[in-house]
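Engineer: Sequence and computational prediction follow.
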Amino acid sequence: MGEVKKVLIEDCKKLLLGAKEDILNRVADTKQHLNTSNEKGGDEGDQTVRALAENEMLGMHNRLRSRLMEVEYALARIEAGNFGFCEETEELIEEDRLRAIPWTRLSIEGAEIRESLKKRFAHI
């Protein structure tokens, strides 16, 4: 088993911190938008449009929260010294993959294994 390059770890840490800041800003914007869009009244069409928009915003908020947890977990792995290793194969994750998705926990091979297992057990 190899070792993750220090330069790669530092680059990924910068990317993760930037992603974290972006996510937190987007979450704050989403909350502000939800708080200011609590208009009442209007006909059924207006109310339906508002409900759909609110539902979409809540979905986006949940996706952002989920991504934030992945980013935080990746930063914790950096601090713990086990960043860059695939959870499935325990091998190094490809450098290009880490630069593209620094919060990833799986190598390409590991992702394929996990997807295969999902498909196999989805029918049970």
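Structural biologist: Received it, and whenever you're ready, just let me know what you need. Residues are numbered from 1 along each chain as shown.
Engineer: chain center to the longest helix along the chain, what's the gap?
Structural biologist: Longest helix in the chain by number of residues, with DSSP state H as the criterion: helix 44-80. Between the centre of helix 44-80 and the centre of its host chain there is 10 Å, according to C-alpha atoms, centre = their mean, to the nearest Å.
Engineer: likewise stretch 9-27?
Structural biologist: 11 Å.
Engineer: In this structure, where is pLDDT below threshold?
Structural biologist: 1, 34-41, 123-124 (pLDDT under 70).
Engineer: okay, which residue is most central for it?
Structural biologist: The centroid of the chain falls nearest to residue 67 when counting by C-alpha atoms, centre = their mean (2.2 Å).
Engineer: So for that residue, what's the nearest residue that isn't a sequence neighbour?
Structural biologist: With C-beta to C-beta, 6 or more residues apart in numbering as the criterion, residue 67 has its nearest non-adjacent residue at 5.8 Å, and that residue is residue 23. C-beta here means a position set from N, CA and C on the backbone, and glycine is covered the same way.
Engineer: For that neighbour, pull up the helix or strand it's in.
Structural biologist: If you go by DSSP states H and E, residue 23 is part of helix 6-36.
Engineer: by how many degrees do that helix and helix 44-80 diverge?
Structural biologist: Interaxial angle of helix 6-36 relative to helix 44-80 (axes from the mean of the first three to the mean of the last three C-alpha atoms, to 10 degrees): 150 degrees.
Engineer: helices or strands next to helix 6-36 in the packing?
Structural biologist: Applying 3 or more C-beta pairs under 8 Å, 6 or more residues apart in numbering; DSSP states H and E, one finds that helix 6-36 contacts helix 44-80, helix 95-100.
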